[in-house]
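Peer 1: sharing a sequence plus its predicted fold:
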Amino acid sequence: MQKLNILVAGSTGYIGTELIKLLINHKGVNIKYLCGNKSIGRSISSYDKTLKNKRLPKIIKFKENLLKEIDVVFSALPNGQAQKISNKLTKRNVLIDLSADFRLKDPNLYSKYYKIKHSAVKNIKKSIYALPEIKNKKIKNYNIIGCPGCYPTSILLPLIPLIKRNLISKKNIIIDSKSGYSGAGRGIHKKYKNKNLYESLSAYGIKSHRHNSEIQQELNIETKYKIDFTFTPHLTPMFRGILSTIYVDLTKGTKIKEIINDLKKFYKNEIFVKIAKQNSLISTNEVINTNNCLISVCESKKKNKIIILSAIDNLIKGGGGQAIQNLNILFNFKRNLGLK
């Protein structure tokens with residue numbers, strides 16, 4: 001197998017280091033360059049000790065001429081940076097972006113939510129919102145891959161099939177999501193220095209969280225309906241993992257067993273989506289360090305309502321793992337290559 005030459009930009013963040021740990025075990029790639037902004041000349045093991053004995057290049061500054069030797073650029077840089085890279089791509093290059101730069105189709109919406117003017121508007125049409133289990137082979141038609149956010153991944157996977165089949169109401173969907181603090185990046189420790197990050201639970205981004213736009217866009221596109229939902233994220237005192245609790249109304253005549261069977265049928269060929277037994281009280285512990293999304297459908301005290309639980313590891317299924325899923329689809333690798 002001829003290996004792909006890989007460049008990881010933004011390699012020192014939580015998602016960047018997690019991506020590298022996964023790529024090390026991917027037989028189809030060669031990690032040629034690691035790039036960063038404030039860490040030039042340092043070893044990646046200074047950010048993650050588990051990488052200490054791995055043969056990896058030292059961190060360098062990203063330069064356009066590096067693209068001549070590269071097949072795939074993974075960007076885990078802050079929002080706004082992958083746009084700049086996209087403007088420099090050659091015909092040889094594929095960009096797999098883990099930021100929000102190519103998630104939203106409307107550049108004005110991007111500016112509204114991310115407070116940055118999009119500098120590569122022409123490239124938005126050349127990109128795809130790449131939720132692997134939903135977009136599947138369509139991903140092969142693009143060389144700019146926008147990986148979904150972690151919260152939306154946990155939310156869209158259970159909701160899209162059920163709305164498409166008209167099994168749940170399109171109105172009054174309530175989404176309560178809780179994430180480990182790694183989802184906020186390494187800077188979270190400074191931001192919450194005096195707020196007892198490690199022993200408190202806090203809601204944030206009510207009404208204005210950036211992922212509202214992404215969830216709305218994809219629900220509307222994939223179901224062909226305008227969906228009404230409320231989303232509230234929470235930061236928890238655990239390092240990694242997301243648990244989304246989703247409250248939905250059943251359509252008339254729909255039974256809970258039909259919901260479970262439909263999800264199983266929809267994802268029967270998808271190895272990373274697992275449907276638990278009815279009323280299973282799942283936890284993030286069951287998905288940590290995996291690329292799985294575990295979904296449980298539970299009864300409510302009201303007959304016409306159900307509660308859906310969806311758990312992922314935000315750094316893998318909601319980050320580096322999903323990016324590698326997209327890589328595997330693009331280059332016809334086995335779906336689980338490099339993934340646990």
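Peer 2: That came in fine, so what should we check first?
Peer 1: so where do the strands sit in this protein?
Peer 2: All strands of the chain, identified by DSSP state E, fall at 4-9, 29-35, 59-60, 72-75, 94-97, 127-129, 144-146, 173-180, 202-203, 229-236, 242-249, 273-275, 293-299, 305-312.
Peer 1: low-confidence ranges, the stretch 1-150 of the chain, go.
Peer 2: Applying pLDDT under 70 to the stretch 1-150 of the chain picks out residues 1.
Peer 1: so, low pLDDT: which residues of the stretch 151-300 of the chain?
Peer 2: Low-confidence segments of the stretch 151-300 of the chain (pLDDT under 70): 189-195.
Peer 1: would you list every one of the helices in it?
Peer 2: 188-191, 211-223, 256-266 (DSSP state H, counting those that start in this stretch).
Peer 1: what packs against the last one?
Peer 2: Going back to what we said before, that points to helix 256-266. With contacts defined as 3 or more Cβ pairs under 8 Å, 6 or more residues apart in numbering; DSSP states H and E, helix 256-266 has these neighbours: helix 150-164, strand 273-275, strand 293-299. C-beta coordinates here come from the backbone N, C-alpha and C atoms, glycine included.
Peer 1: which of those is buried the deepest?
Peer 2: Mean neighbour counts were compared across the helices and strands packed on helix 256-266 using mean count of other Cβ atoms under 10 Å; the top stretch is helix 150-164, at a mean of 25.
Peer 1: tell me how far that helix lies from the chain's centre.
Peer 2: Distance of helix 150-164 from its chain centroid, counting by Cα atoms, centre = their mean, to the nearest Å, is 12 Å.
Peer 1: which elements pack onto it?
Peer 2: helix 132-135, strand 173-180, helix 211-223, strand 229-236, strand 242-249, helix 256-266, strand 293-299, strand 305-312.
Peer 1: to the chain's geometric centre, what's the distance from the third one?
Peer 2: Right, helix 211-223. 14 Å.
Peer 1: can you list the helices and strands that it packs against?
Peer 2: By 3+ Cβ pairs under 8 Å, 6+ apart, helix 211-223 packs against helix 107-114, strand 127-129, helix 150-164, strand 229-236.
Peer 1: who's in contact with it?
Peer 2: Applying Cβ atoms under 8 Å, 6 or more residues apart in numbering, the external contacts of helix 211-223 come out as 100, 103-106, 109, 112-113, 129, 131, 134, 148-149, 151-152, 155-156, 159-160, 163-164, 170, 175, 225-227, 229, 231, 233.
Peer 1: quick one: the closest residue to Lys340 other than its chain neighbours from Ile206, how far?
Peer 2: Distances taken as Cβ to Cβ, 6 or more residues apart in numbering place Thr290 nearest to Lys340, at 5.2 Å, with adjacent residues excluded. Look at Thr290 and Ile206: by Cβ to Cβ, to the nearest Å, they are 30 Å apart.
Peer 1: now Leu235
Peer 2: Distance, Leu235 to Ile206, using Cβ to Cβ: 12 Å.
Peer 1: pick out whichever of these two has more residues nearby.
Peer 2: Ranked by neighbour count (other Cβ atoms under 10 Å), Leu235 and Ile206 place Leu235 first, with 21 against 10.
Peer 1: excluding its backbone neighbours, what's nearest the more buried one?
Peer 2: Per Cβ to Cβ, 6+ apart, closest to Leu235 is Ser202, 5.1 Å.
Peer 1: roughly how far does the closest residue to Gly318 other than its chain neighbours sit from Ile15?
Peer 2: Among residues not flanking Gly318 along the chain, Cys150 sits closest, at 2.8 Å (Cβ to Cβ, 6+ apart). Per Cβ to Cβ, Cys150 is found 9 Å from Ile15.
Peer 1: name the residues contacting each of these two.
Peer 2: Here Cys150 and Ile15 have Gly319 as joint contacts, going by Cβ under 8 Å, 6+ apart.
Peer 1: would you confirm that the residue nearest to Gly318 contacts Asn314?
Peer 2: Yes - contact criterion Cβ atoms under 8 Å: Cys150 and Asn314 qualify, at 4.0 Å.
Peer 1: next, show the common contact partners of those two.
Peer 2: 179, 183, 242.
Peer 1: these two touch, right, the second one and Ile316?
Peer 2: Going back to what we said before, that points to Gly183. No - assessed by Cβ under 8 Å, Gly183 is found out of contact with Ile316, at 12.0 Å.
Peer 1: those two: which has the busier surroundings?
Peer 2: More crowded of Gly183 and Ile316, by other Cβ under 10 Å: Ile316, with 30 against 23.
Peer 1: which residues does the nearest residue to that one once chain neighbours are set aside contact?
Peer 2: Spatial nearest neighbour of Ile316, excluding adjacent residues (Cβ to Cβ, 6+ apart): Asn291 at 5.1 Å. Counting by Cβ under 8 Å, 6+ apart, Asn291 makes contact with 272, 313, 316-317, 321-322, 324-325, 336, 339-340.
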